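K.L.:
Output the structure for:
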Amino acid sequence: MTLESDPSGLADDGPLNTVDALVQLSFLIHRIVSAAGGEHDLSVIQIRLLGILRDRQAGMVELGRDLGLDKSSMTGLVGRAQKRGLVERTPSPYDGRAVLVTLTPGGRRLAERCADEIGRRVTALTEGLSDGQRIRLTELAASLVSAPADVSGQAG
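P.N.:
Down below sits the predicted model:
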């Protein structure tokens, strides 16, 4: 099976290899996040921004690094979120040139609603797994996302 041959990953032509299985899973999770965001007129990148800011405030440079966006893209993203009343910008008390971004109360409520909806949909996705399988999946996924990896594709 190739990555493009069956976007659902459900073709019955044998087991997926590791790369195909993980990429297909990422597509499925992306669809879940996108659908949850669409219900609130949010893009995936906007949901990611709200998710990062749920438990902290962050500087624009840090947000850009976490989201993989350059400075002008970050400025536009935060500007649109601020216009919707979801975030606010404040000067950093530590660096007069830096700006900190924080969720507004409305942004926090929306971030929680989206997180709850995504959580429900992902939980439904894993309903067919046993408790042990779900625990193992969680351990494996946590191991992969916490491992320092060069995902840029550039040779060392």
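
K.L.:
got any ranges where this structure has weak pLDDT?
P.N.:
For the chain, the stretches with pLDDT under 70 are 1-15, 149-156.

K.L.:
residue ranges of the strands in it, please?
P.N.:
58-59, 87-91, 99-103 (DSSP state E).

K.L.:
and the ones you listed, which is most packed in?
P.N.:
strand 99-103 (a mean of 19; mean count of other C-beta atoms under 10 Å). In short, each C-beta sits where N, CA and C put it, glycine included.

K.L.:
which helices and strands does that strand pack with?
P.N.:
Applying 3 or more C-beta pairs under 8 Å, 6 or more residues apart in numbering; DSSP states H and E, one finds that strand 99-103 makes contact with helix 44-53, strand 58-59, helix 60-67, strand 87-91.

K.L.:
mind putting those in CSV, distance to residue 30 included?
P.N.:
Listed next are the helices and strands packed on strand 99-103 as CSV, based on distance: least, C-beta to C-beta, whole Å:
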stretch, distance to residue 30
helix 44-53, 7
strand 58-59, 23
helix 60-67, 15
strand 87-91, 23
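
K.L.:
Enumerate every residue touching the residue nearest to the spatial centre of the chain.
P.N.:
Nearest residue to the geometric centre of the chain (C-alpha atoms, centre = their mean): residue 48, 4.4 Å. Residues counted as contacts of residue 48 (C-beta atoms under 8 Å, 6 or more residues apart in numbering) are residue 67.
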